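Asker: Got a predicted structure here, sequence first:
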Amino acid sequence: MANKKNTPINTITKIKALRKQEISVDTLTQGIFDGSQTLLAKAITLLESTQPLHYEKANAVIEKCLAKPNNSIRLGITGVPGVGKSSFIETLGSYLTANGKKVAVLAVDPTSSLSKGSILGDKTRMQELSKDPNAFIRPSPSGSSLGGVAQKTRESIILCEAAGYDIILVETVGVGQSEIAVHSMVDFFLLLKLSGAGDELQGIKRGIMEMADAIAINKADGSNLEKAELAATEFSRALHLYAPKANGWVPKVLKCSATENTGIKEIWDVVEDFVLSNRENGFFEKNRKVQNKNWFLQTVDEYIKQFFHQKESFKNAQMTLLKDIDDNKISPFYAAKLLLDQITKEL
Ligand code: GDP
């Protein structure tokens, strides 16, 4: 989705002229370096394309972008639908741009192909921020698998950083596996929770609590304020039960109101404290390197799987063995070994 705001007139003219012909890798890269939102959006579209040639071109751009140094902070934001993620991003994003930062908002929504991207990253939900020339908002890529959607967002981060965005906000919805994917692409992971009934801790997945670097109780306003205090105390107590993190960080519990614009600065101060201490103790860089290596390994696994599943002989042998398993002729484990032996012999 092209975004024309913040794009110099001469760049727009160039883009129009180039529209009918293919835009070169160099033009795209230079446009991104110059901060053109239109060319940034175009590069992300190529990246998300299912056409191999588009993807190749996007990767040539990414390679050039990787070489450009930056000082970005990647912040993941999760929470169940209705907790106030988009309101929070709108308020936090506006706070950051008011303080001279450039903010990109990306999203990982594995259901976006079903909902047509209406859940996350939708501009109509962040009306102020979408008008802000220092903000770039991109809806979740669509895709048939979470892995595919997450990979595109992960790669878009690089492009946004090269375009000069200091803060990358990655939103995801608090259901399913998408939080794990987002956690593995950000520096800081923020869990938004609702103030309300005393049974806050029930129904919250343990793994998500463990991943959080901070929990913010949103909607801490009006008659909810007292309940928010209570929830904050309860979460602080629960967090103390977890083993300390390797980087020495003790997760924080905060309260905020996205609509009243309270507690937002305090949350950002915590993120900055975290970044500062993690840069000092070396964990910031180390974490990014570990994440990169994990993405590589995961993607290799994914490609190997795709490679085998696309082979006709693999599909046929699998069908035969499935039938044998159904007929109780062979154990599932030995069948798996036979299948792999047979296929690797063909390679
Ligand atoms: P999302 O589904 O997590 O993105 O949640 P939204 O940002 O769309 O917010 C869901 C509803 O909660 C909307 O009606 C918001 O106006 C409301 N809301 C969001 N943040 C706050 C808040 O801090 N206080 C109050 N009172 N309402 C809020």
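Answerer: Nice, thanks for sending it over.
Asker: And the strands in the stretch 151-300 of the chain?
Answerer: All strands of the stretch 151-300 of the chain, identified by DSSP state E, counting those that start in this stretch, fall at 167-173, 188-194, 214-218, 252-255.
Asker: and S331, which of these is closest to it?
Answerer: If you check each of these against S331 by C-beta to C-beta, strand 167-173 wins as the nearest, at 39.3 Å. Placement of C-beta: from N, CA and C, glycine included.
Asker: thinking again about what came up before, between the strands of the stretch 151-300 of the chain, which one is closest to the ligand.
Answerer: strand 214-218 (4.9 Å; C-beta to the nearest ligand atom).
Asker: The closest one - contacts with which helices or strands?
Answerer: When contacts are defined as 3 or more C-beta pairs under 8 Å, 6 or more residues apart in numbering; DSSP states H and E, strand 214-218 packs onto helix 85-98, strand 188-194, helix 225-239, strand 252-255, helix 264-280.
Asker: highest average neighbour count across these?
Answerer: When you average the neighbours per residue for each of the helices and strands packed on strand 214-218 (mean count of other C-beta atoms under 10 Å), strand 188-194 leads with a mean of 24.
Asker: so what strands line up beside it?
Answerer: Next to strand 188-194 in the sheet, as set by DSSP bridges, lie strand 73-79 (parallel), strand 214-218 (parallel).
Asker: where does the chain have its least confident helix or strand?
Answerer: helix 112-115 (a mean of 55; mean pLDDT, DSSP states H and E).
Asker: Report the next helix or strand after that one in sequence order.
Answerer: As assigned by DSSP states H and E, the chain's next helix or strand after helix 112-115 is helix 127-131.
Asker: List the contacts of that next one.
Answerer: Residues outside helix 127-131 that contact it (C-beta atoms under 8 Å, 6 or more residues apart in numbering) are K5, I89, E90, G93, S94, T97, V103, V105, K123, A135, I137.
Asker: Can you tell me the closest non-neighbouring residue to the last one?
Answerer: Looking back up the chat, that one is I137. Leaving aside its sequence neighbours, I137 sits nearest to V105 (C-beta to C-beta, 6 or more residues apart in numbering; 4.5 Å).
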